[in-house]
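1. this is a predicted model, with the sequence first.
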Amino acid sequence: MSDPMRIRAQLKDGGITEVRVLMAHVMETGQRKDSAGATVPAHHIQSISATHNGKAVLSAQFGPAVSQNPVMNFSFKGGAKGDKVTVSWTDNKGGKRTDEATIS
Amino acid sequence: MFSLRNCFSVFIAALTTCAAVVNATPSSLGRPATPAEIKAWDIDVRPDFKGLPAGSGSVKLGQEVWEAKCESCHGVFGESNEVFTPIAGGTTKADMTSGRVSGMVLGAKNAAAQRTTLMKLSELSTLWDYINRAMPWNNPKTLTTEEVYAVTAYVLHLGDIVPADFVLSDKNIREVQKTLPNRNGKTRQHGLWNVGDKPDVQGDKCVANCVKATTIGSSLPDYARNAHGNLADQHRLIGAVRGLNTAGAVASNVTANTPKSTSSTPDPLKLAQQHACTACHGVANKLLGPSLTEIHKKYAGTVDVVSVLAAKIKAGGSGVWGAIPMPAQAHVPDADIQAIAAWLAAGKF
C-alpha cells in the first residue's frame, strides 16, 4: 500500500480544468545496484489513467525513465466546479492506487 | 536579546560616524533607537516561541497564498527542484513518532538522495521565522501574521504532519513542534569535518575581561569616501536599502538612502513584480537570472523580438545564461507575457 497521491484540480479561464498530480512512488529503474552489488529490481509505474465523471480524459504509459515521486500536469475541457477527477496508476509489480479530487 | 540591542545602538553610532563629522567623540553621535524602531527590527522567533506574535492561520488560506506567491519557485506541492531544493517529501509517519528522519541517519538503508526542508527542520520556530522574515523572496516581510501562520501550516500539511483542515496558532504550535519528523535530529557532540570525530570546540571556557563599551578609534577620511564608487548604487534593490550615498557631499548623507525609481513605465514592472519575475531578475543587476537590461541588450537585434521573448518566458529554459534553469511560466496569462516581452524589447526600464 503506497502513500496517497496529491491531486489539485482547478477550473481556469475558458472552461479549462488544470489538474496537477504528485504520485508517491519509488520508480526503481531496475538498473541500480545496492551496496552489496545486487541489482535492485525494477519497480515503476506502468500506466496512468484519469477520468472526469467516469469519462477518460487521460491515459499514459510510464517507464523506468520517469523520476521518483513524479509530478504530472494536464488539462481538459468540460469540467465544472464540484466535479470529481479520479486518477489511478498501476505499477509493474501489480501495485495499484486510485485517488479522487474535487474541482475547485 | 538585550545584548543585541546594545549592539544595534553601537551599529547606528558607527554608521553615523562614517557619514558625518570625522573628529567628533562617539558620545556626541547618533541617538538611542526608539522603542518603535526596536520593535520593527526585533522580529525573531526563538525555539521556545518567545517573540512569536499571537494569531492563527489555516491550511486552506495557506494554499491560496502558496498558489499566489510561492508556487512559481517551489512547485504546487513544494516538490519542485528547479529553482530551490524541495520543501516537502522524504518524511514518514514513523519519523514523526521517533523524532528522527530515518533517511538522514548515517549509513541508513533508505538513505535519501536529497534532503528536503521538512527532513532537516528540527524547530518549527525556524520555519515560521524564515517565512516571516525572508519570503516571498522578491518581497520579504509583506505577509501578514495570519498568512505566515497559514503558509507554515500548509507546508506542514504538504509533509503530512498536520491534516488538511488544520488551523495553526500560537496556542497549538507547541503541540505541532512535538510531532516534527526531525525534532530530535540536532546533535552538538560531533566533529566539524568528520561526524564521528570529537567536537572541535568545546565551548566550556568563559572569557574574562571582555570590553564593556566600544570606542570608535578611526573613521574613513573625506577623500577616501568614494574610493569604491557610490555604495548606494551597489546595494541590492531588494528591501529597504541603507547603503551610504558616497557620491555626494558629506553632510547630506546622514539619512538612509532609498533606491531611485528605475521605472518610467510602471505597468509592466508591476506585472513583473506580480508574477514574481523580479524574484530572480533584477532590473539592472544579476540575481539568480540575468538582469532585464542584459536580456534587452542580448535580444536587441533579433527579428520578431517580442514573440521570441514571450515564447521564452512561457516555456522557461536553461543554458542560455548559465546552468540555473528558469521554470516554465505557463500559469501567467498570455496578455501579461506579451506586455512584459514588449517592455523587455523596448528596454525602457
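-> Thanks, I have the structure now.
2. okay, whatever residue of chain A ends up closest to chain B: pLDDT?
-> Of all residues in chain A, A:L22 sits closest to chain B, at 4.5 Å by C-beta to the nearest C-beta. Glycine gets a C-beta too; all of them are placed from N, C-alpha and C. With respect to pLDDT, A:L22 has a value of 90.
3. return the residues of the stretch 51-200 of chain B in contact with chain A.
-> Contacts of the stretch 51-200 of chain B with chain A, taken as C-beta under 8 Å from any C-beta of the partner chain, map to B:G75, B:V76, B:F77, B:E79, B:G89, B:L158, B:D160.
4. and the strands in chain A, which stretches?
-> A:6-11, A:16-22, A:45-52, A:55-61, A:71-77, A:84-91, A:96-102 (DSSP state E).
5. got it, and the stretch 101-250 of chain B?
-> Ranges of strands within the stretch 101-250 of chain B are B:167-169, based on DSSP state E, counting those that start in this stretch.
6. quick revisit: in a markdown table, list the strands of chain A along with mean neighbour count and distance to B:G203.
-> Listed next are these as a markdown table, based on neighbours: other C-beta atoms under 10 Å in any protein chain shown; distance: least, C-beta to C-beta, whole Å:
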| stretch | mean neighbour count | distance to B:G203 |
| --- | --- | --- |
| strand A:6-11 | 20 | 43 |
| strand A:16-22 | 20 | 43 |
| strand A:45-52 | 18 | 50 |
| strand A:55-61 | 12 | 56 |
| strand A:71-77 | 15 | 44 |
| strand A:84-91 | 19 | 51 |
| strand A:96-102 | 14 | 50 |
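7. any idea how far B:H296 lies from A:S67?
-> 36 Å (C-beta to C-beta, to the nearest Å).
8. from the residues of the stretch 51-200 of chain B next to chain A, which ones fall inside helices?
-> In this view, those that belong to helices under DSSP state H are B:L158.
9. just the buried residues out of the residues of the stretch 51-200 of chain B next to chain A, in PyMOL syntax.
-> To isolate the buried ones among those in PyMOL, judged by 16 or more other C-beta atoms under 10 Å in any protein chain shown, type:
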select buried, chain B and resi 75+76+77+79+89+158+160
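10. which of the residues of the stretch 51-200 of chain B next to chain A has the weakest pLDDT?
-> Lowest pLDDT among these: B:G89, with 82.
11. give me the nearest residue to residue 76, chain neighbours excluded.
-> With no chain named, the answer covers chain A. Using C-beta to C-beta, 6 or more residues apart in numbering or on different chains and skipping the chain neighbours, the partner closest in space to A:F76 is A:V57 (4.3 Å).
12. not quite, go with chain B.
-> Setting aside the residues directly before and after it, B:V76 is nearest to A:R20 in space (C-beta to C-beta, 6+ apart), at 5.1 Å.
13. contacts only, for that neighbour.
-> A:I7, A:R8, A:A9, A:V71, A:M72, A:N73, B:V76, B:F77 (C-beta atoms under 8 Å, 6 or more residues apart in numbering or on different chains).
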